[in-house]
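In: What follows is a predicted structure for the sequence shown.
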Amino acid sequence: MSMSATCPHTHDISGLREPKLSQSVHREECTQCFDNQDGPAGIDVCLVCFNGSCLDSDRHHTRNHVLRSGHSFTLNVKRTPKKKASNRADGEEPPAKMKKLAINEEREEDKYEHTTVFKCWKCDLQGGKEVAIDVANTKRLTDGVMLSLSSARQSEVKAWEEEITACEHTLCLDQLQSGAIPQEGLAHCASCELTSNLWLCLTCGALGCGRAQFGGTGGNGHALVHFNTTQHPVCVKLGTITPEGGADVYCYACNDARIDPELVTHLGTFGINVAAQKKTEKSMTELQIEQNLLFDFSLTAEDGSALQPIFGAGATGLSNLGNSCYMASVIQTLFSLPLFQIRYYGKRPSGTSSAYVSPAAAAHWENCTQALPADCLECQMYKLADGLLSGRYSKPHSDHEQAPTDALAHPTPEHTPWQAGLKPAGFKALVGRGHAEFSTMRQQDAEEFFSHLLTVLRRFNHQNTRGVPEESEPTETFAFGLEQRLQCQSCHKVRYRVDTMDVLSLGVPAHELADGEADTGAGQQEVATVGTSDESGPGKKRYRSVSLEQCLNLFLGPSGQEALEYQCEGGCGKVNAVRQIQFATFPDVLVLHAKKFQLVNWVPTKLDIPVILPENDELNLDNYLGHGLQSGEVELPDSSNTSAPSQPEVDAEALSQLESMGFPTVSCRNALISTGNAGAEVAMEWLIMHMEDPDINVPIQTAGSGNSNAPEPPAEQVAMLADMGFTNAQAKKALRETDGNVERAVEWLFNHPDDTGEDSSPATSSSDTKKAPPGSSRLPARYRLKAFISHKGPSVHSGHYVAHIRMPRGDAMDVDDAVGDWVLFNDEKVVRADETSVRDLKKLAYMYVFERV
């Protein structure tokens, strides 16, 4: 199409400014759908706010943006791949696979041709009118858009390799004179006999072994003990020193890898001639690369044939953004559930036309209060639903399309027509914003992300969709009440408490089998099939299989009773009490979290304990329903309204995880309170750092409810909570109850929805007005397995996650089974799962998702 120079608004272009360094330029993909610059119409980039929008005739995202914002000029960007010339001669070996744990900075212009066109939407509100502008403004604005770091790239560049810098301890290192250390082969840890994984203290020359590393590198942590004793912070790993002066340097004071600019000089103090050094051990980065390359799931069936890829509605893969498999597995599982499909897509994906647009999404686009869709969680959820369920993007790469060359993609059987997969970089950045872990590109725990995502969605819905009844939100499908019964063994009075939960975390008993010992557990008849060939062999620990029913009995019901010390409110003093946990209500969708951990050198290590599910993957929970206060039982006095000091509330899930690792309950509570309920991992790090504190087992107290002498919370914190839809009184009380911690205050508000914030008499908070827990107590409580998330690797914070989902009839494939067939979602690869792998991986799953039937 030829350009037109007859636009009467071109004089306005001189007032447009190129993007600032801090601005995100959405030139690669539409912010409201996954249409991108590689499509035939390209992407229109707004020249005022740099939003990216598509030109699809059904969704009208560019036109909607123009009407809502009043921004009239866009730069249309189209990208086409260049033909790649092969420089290899016949018979020459292909280049080695990329092994560096970083994004290779290939230049965009070497791989693609870009076409850009200016458009004025004042002249043509339907499709935008192509206009020609003066050369100076053309170059200025085009370069500003095309040379800036795109929004997607801003996320991707953080993916793998973190920038390692010097710190004050390496820059200001004081060395104590010391003689030469022992030669290679003779050196060993000063506190044990280990001769590998040795770290040299750069202050005094002491040798200590490091902590045990994932993948089998041994260590007893004596280098850390040396630091705790001497406070000498900087050490270097022997065996990683190169003639160029490179090495693994670690600062214990910073608790991070560092660079020592004067490493050659510092090593010379201990007789180490850097120029003569030969690297003999793998660096920390290389160990991480090796492990992440190994932890993948097979894409071949038992007979060696490639698993069948599937395409269509509900079968769209998610590309790995760099350690994002935990997020992909959770997202795929959520959007396989009918309530999430209806809420964010308006219908089930079966029989969906490519022209279908969710009515709810279209209405939201018209009325969204955020200036940019990339900053709106509702927009991003609609975008994800459309991308995953419409089937528009679930197609094999055509011959003329360039196959994915992402270094983060997993190896696959050759000549298989895989899809490219969607890249939810905007969603990930938005959901992780402000979070210490999920805002990074490190591997995370899938269960922790699931809980975090539900919290983020609930906060958004509370603030922005006040007209939508809570019961209609799909996040409530996971909620249930967990009843805790506490009985004093002296006066035999009882107390009942119901906590709202989204996940039932179950401890899995570990019984390691000796070499040659037969498995006499629940799955002994199938133990030979557990695990895969690359996981078995000498040194691989084997564990006795347990049934899911055993795990439930250890936590719930009479067999799960727990004895504990208790300060009785009935006047008995410090006595023994018995705690019993039951379901108060059942959820529509039950999420079970299998806790298979063991603390090794202060690192939670995953144990591959087979968990055997009931026959036909059906679960009956009738026997685990609690019944509340019974006739003849006497309640303990309620001390919750007294002004005496009381313990602050903590995250019950995180508390349970820490307790399962062997930490005392009081220490766990103190850690969670001190870290603002930021999660089990952060609390565990706090515990390790404060294990020697004299008051580690002294409960942290706070003023009780109704303490009018508590300081007035800061106005900005009150305003922040008020912006989320709470009253000032509620906000102030929540902040007082949580010592001014905003994150905990939000949790407190959601746990006390009926508290008006007024400090009044105890009568106003009687049990008669207490809100009923979510879920239902109706029986029978029968469930069938819908999905499970599996993990491969030694820790939930490394390795790889995938999801298996039972797809119903008519979704993406012709299913013979009346209840559906299993599909494996392995990042961008979506395949029909074979029966053997489903049977084996189901036993070793990390999370189970059951639907009520």
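Out: Yep, it's here.
In: does residue 594 count as helix, strand or coil?
Out: strand (DSSP: H, G, I helix; E, B strand; the rest coil).
In: which residues of the stretch 1-150 of the chain fall in helices?
Out: Counting by DSSP state H, counting those that start in this stretch, the stretch 1-150 of the chain has helices at residues 61-69, 108-111, 135-146.
In: mean confidence score for the longest one?
Out: Computed over helix 135-146, the mean pLDDT rounds to 89.
In: I'd like the numbering to begin with 402 instead of 1 from here.
Out: That works, and once the first residue is 402, the last one we named lands at helix 536-547.
In: Sort out which residues of it are buried, please.
Out: For helix 536-547, the neighbour count (16 or more other C-beta atoms under 10 Å) marks 541-543, 545-547 as buried. In this view, the C-beta of every residue, glycine as well, is placed from N, C-alpha and C.
In: Which other helices and strands does that helix contact?
Out: strand 474-482, strand 513-521 (3 or more C-beta pairs under 8 Å, 6 or more residues apart in numbering; DSSP states H and E).
In: quick one: which of those strands is nearest residue 612?
Out: Closest approach to residue 612 among those (C-beta to C-beta): strand 513-521, 44.6 Å.
In: Now that closest one: buried residues?
Out: Neighbour-count burial for strand 513-521, counted by 16+ other C-beta under 10 Å, picks out 517-521.
In: can you check stretch 411-424 too?
Out: By neighbour count with 16+ other C-beta under 10 Å, stretch 411-424 contains the buried residues 411, 414, 417, 419-420.
In: ok, and what's touching that stretch?
Out: Outside stretch 411-424, the residues that touch it by C-beta atoms under 8 Å, 6 or more residues apart in numbering are 426, 448-449, 451, 473-474, 519, 521, 532, 534, 538, 541-542, 544-546, 549.
In: Put together a markdown table for the buried residues of helix 536-547, with distance to residue 714 on each row.
Out: Output for those, formatted as a markdown table (distance: C-beta to C-beta, whole Å):
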| residue | distance to residue 714 |
| --- | --- |
| 541 | 44 |
| 542 | 39 |
| 543 | 38 |
| 545 | 39 |
| 546 | 34 |
| 547 | 35 |
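In: Let me know the closest of those to residue 898.
Out: Taking these together and measuring to residue 898 by C-beta to C-beta, the closest member is residue 546, at 57.1 Å.
In: My guess is the closest one contacts residue 475. True?
Out: No: Residue 546 lies out of contact with residue 475 (C-beta atoms under 8 Å); the separation is 10.0 Å.
In: Mind listing the shared neighbours of the two?
Out: Any residue near both residue 546 and residue 475 by C-beta under 8 Å, 6+ apart counts here, and that gives 446, 448.
In: With only the CA atoms kept, save the top helix by length along the chain in PDB.
Out: Taking DSSP state H as the criterion, the chain has its longest helix at helix 847-865. Output of helix 847-865 as PDB, limited to C-alpha atoms (Å, rounded to 0.1, in the frame of the first residue of the first chain):
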ATOM      1  CA  ALA A 847       5.000 -24.200  42.100                       C
ATOM      2  CA  GLU A 848       2.900 -24.600  45.200                       C
ATOM      3  CA  GLU A 849       4.100 -21.200  46.500                       C
ATOM      4  CA  PHE A 850       3.400 -19.600  43.200                       C
ATOM      5  CA  PHE A 851      -0.100 -21.100  43.100                       C
ATOM      6  CA  SER A 852      -0.900 -19.600  46.500                       C
ATOM      7  CA  HIS A 853       0.700 -16.300  45.600                       C
ATOM      8  CA  LEU A 854      -1.400 -16.100  42.400                       C
ATOM      9  CA  LEU A 855      -4.600 -16.700  44.200                       C
ATOM     10  CA  THR A 856      -3.700 -13.900  46.700                       C
ATOM     11  CA  VAL A 857      -2.900 -11.500  43.900                       C
ATOM     12  CA  LEU A 858      -6.200 -12.300  42.000                       C
ATOM     13  CA  ARG A 859      -8.300 -11.900  45.200                       C
ATOM     14  CA  ARG A 860      -6.700  -8.600  46.100                       C
ATOM     15  CA  PHE A 861      -7.300  -7.300  42.600                       C
ATOM     16  CA  ASN A 862     -10.900  -8.500  42.500                       C
ATOM     17  CA  HIS A 863     -11.700  -7.000  45.900                       C
ATOM     18  CA  GLN A 864     -10.400  -3.700  44.800                       C
ATOM     19  CA  ASN A 865     -11.600  -3.500  41.200                       C
END
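In: Next, count neighbours for residue 1172.
Out: 10 (other C-beta atoms under 10 Å).
In: For it, give its distance to residue 901.
Out: From residue 1172 across to residue 901, the span is 9 Å (C-beta to C-beta, to the nearest Å).
In: just residue 1061 next, same as before
Out: 21 Å.
In: likewise residue 430?
Out: Residue 430 is 37 Å from residue 901, by C-beta to C-beta.
In: Which two of the buried residues of stretch 411-424 have the greatest separation?
Out: 411 and 420 (20.5 Å).
In: Next up, the contacts around the residue lying closest to residue 1130 once chain neighbours are set aside.
Out: Using C-beta to C-beta, 6 or more residues apart in numbering and skipping residues adjacent in sequence, the residue nearest residue 1130 is residue 1158, 3.2 Å away. Contacts for residue 1158 (C-beta under 8 Å, 6+ apart) come out as 1128-1135.
In: List just the nearest of those to residue 652.
Out: The shortest gap between residue 652 and any of the contacts of residue 1158 belongs to residue 1135, at 38.6 Å (C-beta to C-beta).
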